[in-house]
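> Everything below, folded, please.
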Amino acid sequence: MRNKMEVKLTIIESRCRCKYHKEGETYIVKDLCPPICHELWQCIYPSVYVLLNNGNLDSGDGKSKKFRFRCPDEGRVLIEGELKE
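Purely as a prediction, here's the structure:
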C-alpha cells in the first residue's frame, strides 16, 4: 500500500547564488525528490521522510509536524516543510 502523506515545501526566503530558488515557490512531495537543489534536498530529506511517515520532529521545547532549514550555502535559502493536512 502506498503512503498517502504529503509534505508541502515552501521557499520562505532566497538569496540563491544560482537563482535556482525564488521566494514563495512551493512543492508537494509524495515520495520523489522535487525539482530543488540537490544539496538542499540532501539536507532536508531526513525531515521530509519523518513527516511522510507521520512522525514528529523536535521543534523548540516540543514536537511538530513541520521544520525550517537554511541551505548549506551560507544559509542563502530558507525552506519550510510541513505535513499537508
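
> list the buried ones in the lowest-mean-pLDDT helix or strand in the chain?
Least confident helix or strand of the chain, by mean pLDDT, DSSP states H and E, is strand 57-59 with a mean of 86. Under the neighbour-count criterion of 16 or more other Cβ atoms under 10 Å, strand 57-59 has residue 57 buried. (Glycine included, C-beta is placed from N, CA and C.)

> Identify the residues contacting the helix or strand following it?
The helix or strand immediately downstream of strand 57-59 is strand 62-64, counting by DSSP states H and E. With Cβ atoms under 8 Å, 6 or more residues apart in numbering as the test, strand 62-64 has contacts from 56, 57, 58.

> Sheet partners, orientation included, of strand 62-64?
According to DSSP bridges, strand 62-64 forms sheet pairs with strand 57-59 (antiparallel).

> Correct me if wrong: residue 43 contacts residue 68.
No: counting by Cβ atoms under 8 Å, residue 43 does not reach residue 68; the two are 11.9 Å apart.

> which residues does residue 67 form a beta bridge with?
Here residue 67 sits in beta bridges with residue 81, going by DSSP bridges.

> next one: stretch 33-44 to chain centre, how far?
From the chain centre to the centre of stretch 33-44 is a distance of 8 Å (Cα atoms, centre = their mean, to the nearest Å).

> Sketch out the helices for the protein, chain order is fine.
Taking DSSP state H as the criterion, the chain contains helices spanning 38-52.

> Where does pLDDT dip in it?
Counting by pLDDT under 70, the chain contains low-confidence ranges at 1-3.

> separation between residue 10 and residue 37?
Remark: distance between residue 10 and residue 37 (Cβ to Cβ, to the nearest Å) = 15 Å.

> And stretch 41-52, what's buried?
41, 44, 47, 48, 50, 51, 52.

> okay, it in PDB with CA atoms only?
Extracted in PDB, the C-alpha atoms of stretch 41-52 (Å, rounded to 0.1, in the frame of the first residue of the first chain):
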ATOM      1  CA  TRP A  41      17.400  18.200  -0.700                       C
ATOM      2  CA  GLN A  42      20.100  16.000   0.800                       C
ATOM      3  CA  CYS A  43      19.900  18.200   4.000                       C
ATOM      4  CA  ILE A  44      16.100  18.200   4.400                       C
ATOM      5  CA  TYR A  45      15.300  14.700   3.200                       C
ATOM      6  CA  PRO A  46      15.600  13.100   6.600                       C
ATOM      7  CA  SER A  47      13.000  15.500   8.000                       C
ATOM      8  CA  VAL A  48      10.700  15.100   4.900                       C
ATOM      9  CA  TYR A  49      11.000  11.300   5.400                       C
ATOM     10  CA  VAL A  50       9.900  11.600   9.000                       C
ATOM     11  CA  LEU A  51       6.800  13.700   8.000                       C
ATOM     12  CA  LEU A  52       5.900  11.400   5.100                       C
END
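
> Nothing else from me, thank you.
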